[in-house]
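Participant: Please work out how this folds:
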Amino acid sequence: MAFMNIFRLIIFLLFLPVMGHTTEDLKYSYAHDSLGDSDDAEGDVTFRTHQDNGVMYEYAHVNIKWKGGFFKSSITDDFIQKKEIKNGLVLYDIVEGDQKKGYSVFARHIDVKNYPVGFETKKIIKDEDRHPAFSDYDWIFKFKAESVVNIEINGQIRQAIYTKLWGSRPTSTTNCQSLPSRGFSTSTGEIYVETWFDLEDSSLLKQVFTKYGCIPSRIIVSKETWILNN
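Facilitator: Sure thing, here's the model as predicted:
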């Protein structure tokens with residue numbers, strides 16, 4: 001299986017540039033912390049955008065190693081997802097095949113000029129029809145462009161716009177029930193996403209995507225941290 005993934009990646013890298021307009025790769029380090037198991041996954045995700053017949057696609061190559069977990073053994077997630085790009089404040093997961101949950105990311109394709117400091121909105125695009133949490137119709141969101149800050153990325157100081165996204169859904173939905181034996185749910189009932197976007201080219205520089213259990217537990221289910229490596 002790993003050999004086939006490597007083979008597909010090589011073919012993709014060799015032939016994609018001649019198929020249409022392609023941008024340079026953006027590579028992010030990825031770290032995952034979950035309830036009761038910190039630093040349980042780390043690795044990287046490489047993104048490439050490609051235009052085919054007038055449609056822009058995002059290719060995401062995931063290479064993330066999970067440590068421990070249910071089987072108490074190391075497992076590496078290694079796959080490529082092709083997804084049509086939707087610009088703006090889009091919430092989605094990078095998933096393999098028909099999986100429902102994957103690696104959550106927010107607003108990777110925006111133009112920062114459209115979101116000046118002080119901008120606020122409740123209109124968030126959920127590109128997740130299959131997701132057991134984000135497909136819920138009861139979500140309430142609030143996004144705000146907070147401030148212009150300096151952030152260090154790979155030893156370089158970059159000027160960025162710092163934004164916050166908060167989202168919540170009621171505990172009464174069928175997908176967000178508390179566990180009687182534990183008093184809380186590990187199903188995502190609230191999210192808090194901090195993102196730093198480059199003021200010059202709008203690229204996502206860093207993102208901390210925290211998921212909480214159903215309100216009012218405020219128990220952290222997971223935290224995903226993305227940092228641009230190039």
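
Participant: Could you use CA atoms for every contact and neighbour count after this?
Facilitator: Will do.

Participant: which stretches of this protein aren't confidently modelled?
Facilitator: 1-24, 36-37, 68-73, 171-186, 215-217 (pLDDT under 70).

Participant: helix/strand/coil for residue 88?
Facilitator: At residue 88 the chain is in coil, as set by DSSP: H, G, I helix; E, B strand; the rest coil.

Participant: Same question for residue 113.
Facilitator: With three-state DSSP as the basis, residue 113 sits in helix.

Participant: What is the burial count for it?
Facilitator: 11 (other Cα atoms under 10 Å).

Participant: What separation do you get for it and residue 45?
Facilitator: Separation of residue 113 from residue 45 (Cα to Cα, to the nearest Å) stands at 26 Å.

Participant: From residue 162, how far out is residue 116?
Facilitator: To residue 162, residue 116 is 10 Å away according to Cα to Cα.

Participant: what residues are shared contacts of the two?
Facilitator: Contact with both residue 116 and residue 162 is made by residues residue 145, according to Cα atoms under 8 Å, 6 or more residues apart in numbering.

Participant: Those two: which has the busier surroundings?
Facilitator: Using other Cα under 10 Å as the criterion, residue 116 and residue 162 rank with residue 162 on top: 22 against 14.

Participant: ok, the more buried one touching residue 148?
Facilitator: Yes - the pair residue 162 / residue 148 is scored as a contact, 6.1 Å apart, by Cα atoms under 8 Å.

Participant: Okay, strands next: where are they in this structure?
Facilitator: Counting by DSSP state E, the chain has strands at residues 26-34, 37-52, 55-66, 75-84, 90-94, 103-106, 120-121, 125-126, 140-153, 156-168, 190-198, 204-212, 220-228.

Participant: for this protein, which residue is closest to the average position?
Facilitator: By Cα atoms, centre = their mean, the chain has its centre lying nearest to residue 105, at 1.5 Å.

Participant: wait, what's in contact with it?
Facilitator: Contacts of residue 105 by Cα under 8 Å, 6+ apart are 91, 92, 93, 94, 207, 209.

Participant: at 10 Å instead, please
Facilitator: Residue 105 is in contact with 90-94, 193, 195, 207-209, 224-226, counting by Cα atoms under 10 Å, 6 or more residues apart in numbering.

Participant: what bridges to it?
Facilitator: Per DSSP bridges, the residues bridged to residue 105 are residue 92.

Participant: so how far is stretch 140-156 from its chain's centroid?
Facilitator: Its chain's C-alpha centre and that of stretch 140-156 lie 15 Å apart, by Cα atoms, centre = their mean, to the nearest Å.

Participant: Quick one: neighbours of the closest residue to residue 57 other than its chain neighbours, just the number.
Facilitator: Leaving aside its chain neighbours, residue 57 sits nearest to residue 84 (4.3 Å; criterion: Cα to Cα, 6 or more residues apart in numbering). Number of residues near residue 84 (other Cα under 10 Å) recorded here: 13.
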